[in-house]
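Asks: Provided below are the primary sequence and the corresponding predicted coordinates.
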Amino acid sequence: MLKTNVETFLGCESPWEEARIVIYGAPFDSTTSFRPGTRFASRTMRGESYGLETYSPYQDLDLEDAAIMDSGDLELCFGNTEMALKDIEARADEIVSAGKLPFMIGGEHLVTLGAVRAVQKKYPDLHILHFDAHTDLRQEYLGAELSHATVLRRIWDLVGDNRIWQLGIRSGMREEFQWAKEHTNLRPFDLQAMPEALAALQGKPVYFTIDLDVMDPSVFPGTGTPEYGGVSFKELLEAALAGCGLNVVGCDLVELSPAYDQSGASTAAALKIMREMLLKLEAPFIQGPINV
């Protein structure tokens with residue numbers, strides 16, 4: 001049984017027995033190919049979350065009325081990628097096996113593979129909704145098949161053809177884009193294909209992974225591999241809320257690297273996206289405040 005973390009994400013203090021969503025951090029960035037630092041995202045987000053309100057005026061919902069537990073960060077081995085992935089898988093498996101929804105804070109994008117391994121065991125028909133600036137579809141990167149540049153290819157190894165929807169993609173090798181034409185549903189540059197993705201994913205178990213560099217660096221500079229031509233905060237917020245209306249059985253936010261935005265604005269953007277996703281996922285169960 002997991003116990004509540006000492007310092008929790010704002011308003012996410014439900015005990016294990018009551019929680020429907022369980023947050024956990026995966027502070028791992030050992031395969032980062034450009035600028036490291038995403039290992040500090042979950043710790044930074046917890047501390048900075050207290051600059052938010054628990055109440056969302058977008059949805060008229062409050063985290064204080066939700067059943068969400070923050071189980072803290074995993075202690076991951078930075079020298080052994082597969083060991084780190086196994087630890088992530090074990091935490092996600094514990095959450096999923098208890099009938100709860102795992103919500104992971106990365107870390108680099110490779111951490112998603114560990115979570116998907118666990119979720120896919122319970123949901124063999126798993127589909128993936130993926131927002132990102134990058135394809136992440138390489139077979140290998142510098143000889144390594146486990147990398148943040150290969151994570152969606154490794155996930156494809158698990159789920160197979162046409163079960164991955166990729167939106168916002170604007171960077172990758174020619175071979176990745178060509179490969180995607182036959183094996184994934186890649187809709188480049190923006191999130192305008194979201195209605196198409198929603199229609200295709202209705203009724204299916206979905207793992208929803210958001211690489212925050214899908215946002216333009218003018219909005220979100222705090223990331224390891226910034227790529228211009230991205231979406232606005234408002235566009236991401238609307239699409240993330242729509243995605244959370246699907247049958248989401250696991251999700252994550254990855255690739256915030258707080259040190260590259262000393263203003264704290266990137267962390268603030270990540271936090272607000274996370275608050276809104278949590279509330280949308282909990283919305284069917286929230287009854288509102290109890291009047292005493």
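Replies: Received the coordinates, thanks. Numbers count the residues shown, from 1 in each chain.

Asks: Now do the helices in the chain.
Replies: Ranges of helices within the chain are 41-48, 81-97, 111-122, 151-159, 174-183, 194-201, 233-243, 265-282, based on DSSP state H.

Asks: Let me see the contact set for A269.
Replies: Counting by CB atoms under 8 Å, 6 or more residues apart in numbering, A269 touches 212, 215, 219-220, 233. In this view, the C-beta of every residue, glycine as well, is placed from N, C-alpha and C.

Asks: Out of those, which comes closest to L146?
Replies: The nearest member of those to L146, counting by CB to CB, is L212 at 21.2 Å.

Asks: residues in contact with the closest one?
Replies: Residues in contact with L212 (CB under 8 Å, 6+ apart) are 220, 223, 253-256, 266, 269-270, 273.

Asks: ok, of the residues you listed, which one's closest to D93?
Replies: Lowest distance from D93 to those (CB to CB) belongs to V254, with 19.0 Å.

Asks: The closest residue to L2 other than its chain neighbours: neighbouring residues, count only.
Replies: Counting by CB to CB, 6 or more residues apart in numbering, S71 is the residue found nearest to L2 once chain neighbours are left out, at 4.5 Å. Using other CB atoms under 10 Å as the criterion, S71 is surrounded by 22 other residues.

Asks: Surely S71 is in contact with I23?
Replies: Yes. Under the criterion of CB atoms under 8 Å, S71 lies in contact with I23, with a separation of 6.5 Å.

Asks: tell me the contacts of F233?
Replies: Residues in contact with F233 (CB under 8 Å, 6+ apart) are 215, 219-220, 269, 272-273.

Asks: Name the spans of the stretch 151-292 of the chain whose pLDDT lies under the cut-off.
Replies: For the stretch 151-292 of the chain, residues meeting the criterion pLDDT under 70 lie at 288-292.

Asks: how about a cut-off of 80?
Replies: The stretch 151-292 of the chain contains residues with pLDDT under 80 at 287-292.

Asks: Tell me which residue is most central in this structure.
Replies: Computing the C-alpha centroid of the chain and ranking residues by CA atoms, centre = their mean puts D252 first, at 1.9 Å.

Asks: Quick check: bridge partners of that residue?
Replies: D252 forms beta bridges with M104, T209, as assigned by DSSP bridges.

Asks: And it, how far from Y207?
Replies: With distances defined as CB to CB, to the nearest Å, the gap from D252 to Y207 amounts to 8 Å.

Asks: Residues that sit against both of these two, list them.
Replies: 112, 115.

Asks: rewinding a little: so which of the contacts of L212 would you say is closest to A84?
Replies: Proximity to A84 was ranked across these by CB to CB; first place goes to V254, at 13.8 Å.

Asks: which residues does the spatially closest residue to that closest one that is not a sequence neighbour contact?
Replies: In space, V254 comes closest to G106 once its chain neighbours are excluded; the distance is 3.2 Å by CB to CB, 6+ apart. G106 makes contacts with 26, 28, 38, 41-42, 112, 252-256, as judged by CB under 8 Å, 6+ apart.

Asks: follow-up on the earlier one: now a PyMOL select for only the buried ones of the contacts of L212.
Replies: Here is the PyMOL command that selects the buried residues among the contacts of L212 (16 or more other CB atoms under 10 Å):
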select buried, resi 220+223+253+254+255+256+266+269+270+273
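
Asks: how close does the residue nearest to V254 get to F40?
Replies: 11 Å.

Asks: Same check on G230?
Replies: Looking at G230 against F40, where the rule is CB to CB, the gap reads 22 Å.
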